[in-house]
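J.: Predicted model, plus sequence, below.
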Amino acid sequence: MFEYNFHWRPVLKNLPDLLEAGLVTLEVASLAMVLGIVIGLALALIRLKLRGPLRWFASSWVELARNTPALFQLFFFGFGLGAFGLHLTPYAIVLAGLTFNCAGYLAENFRGGFQAIPETQIRAARSLGMTSAQAYLRIVIPQVIRIVYYPITNQMVWAVLISSLGMLVGFRELSGETQFFASRTYRIFEYFAVTAVLYYVIVKIILLVSRLLAIKLFRY
């Protein structure tokens, strides 16, 4: 009968490093989400309002982000750009890959949100003397954010989880740090069991914070 002796002491000894790596994971995912929201909004508006090369560029971004593996996207920024002499740090690789992916998914969410707002609201705002930019900033975009709020939360969770692919390009986030310590101590199960718990806690914190923000922002 197979017997396995659990040894948790090495994991507990390196737990502060794992927690710090968890913060790095949360940091890169949050930054990628901020950039993804800004770029996703721009891509959605370009696809809705413009024609020509810009619309083709925005549509290509969305199609590639949504229909290619996240690992492929990460390797493109990690190794593909190296063929042109552009070598990024592991942090920059993961940030670029996550931003590209998040922006593509969020662009479609935003596009659906914009299409849910009646055109009559924009015409009413223009009749009150607002410019087109003011109408979008003050009336349309706040409503769109409310519509896509929960998809944004889901995308944040997704960003945290797929950031684990960063260990394949040498990024020492939570999974990368776990792999580093596990390979040194050979306590594979113990390290990855603790890391699974840490990921679970991080995701639950994100969902809790999002619910609290929703209550505060959308209480009406």
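T.: All right, it came through fine. If you're wondering where the values come from, they're calculated on a predicted model, not measured in any experiment.
J.: Quickly note the distance from Leu45 to Tyr136.
T.: Leu45 is 8 Å from Tyr136, where distance means C-beta to C-beta, to the nearest Å. All C-beta atoms are positioned from the backbone trio N, CA, C, and that covers glycine.
J.: just Lys49 next, same as before
T.: According to C-beta to C-beta, Lys49 stands 10 Å off from Tyr136.
J.: got a pLDDT number for Phe2?
T.: Predicted confidence (pLDDT) at Phe2: the value is 64.
J.: Looking only at neighbour counts, state which of Lys49 and Tyr136 leads.
T.: It is Tyr136, of Lys49 and Tyr136, that has more neighbours when counted by other C-beta atoms under 10 Å, with 20 against 12.
J.: and the more buried one, what does it touch?
T.: Residues in contact with Tyr136 (C-beta atoms under 8 Å, 6 or more residues apart in numbering) are 45, 122.
J.: cool, and Gln134?
T.: Taking C-beta under 8 Å, 6+ apart as the definition, contacts of Gln134 comprise Ala125.
J.: hmm, 10 Å instead?
T.: Each residue near Gln134 by C-beta atoms under 10 Å, 6 or more residues apart in numbering is listed here: 125-126, 128.
J.: Please type out the ChimeraX selection for whichever of these turn out to be buried.
T.: Buried members of the contacts of Gln134, identified by 16 or more other C-beta atoms under 10 Å, are gathered into one ChimeraX selection as follows:
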select :125
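J.: would you turn the contacts of Gln134 into CSV with pLDDT?
T.: Shown next, in CSV, are the contacts of Gln134 (pLDDT from 0 to 100):
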residue, pLDDT
Ala125, 83
Arg126, 83
Leu128, 83
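J.: Next, count neighbours for Val24.
T.: For Val24, the tally of surrounding residues (other C-beta under 10 Å) stands at 19.
J.: Assign it to helix, strand or coil.
T.: When states are read from DSSP: H, G, I helix; E, B strand; the rest coil, the local structure at Val24 comes out as helix.
J.: So the closest residue to it other than its chain neighbours versus Glu27, what's the distance?
T.: By the measure of C-beta to C-beta, 6 or more residues apart in numbering, the closest residue to Val24 outside its immediate chain neighbours is Glu173, 5.1 Å from it. For Glu173, the distance to Glu27 equals 9 Å [C-beta to C-beta].
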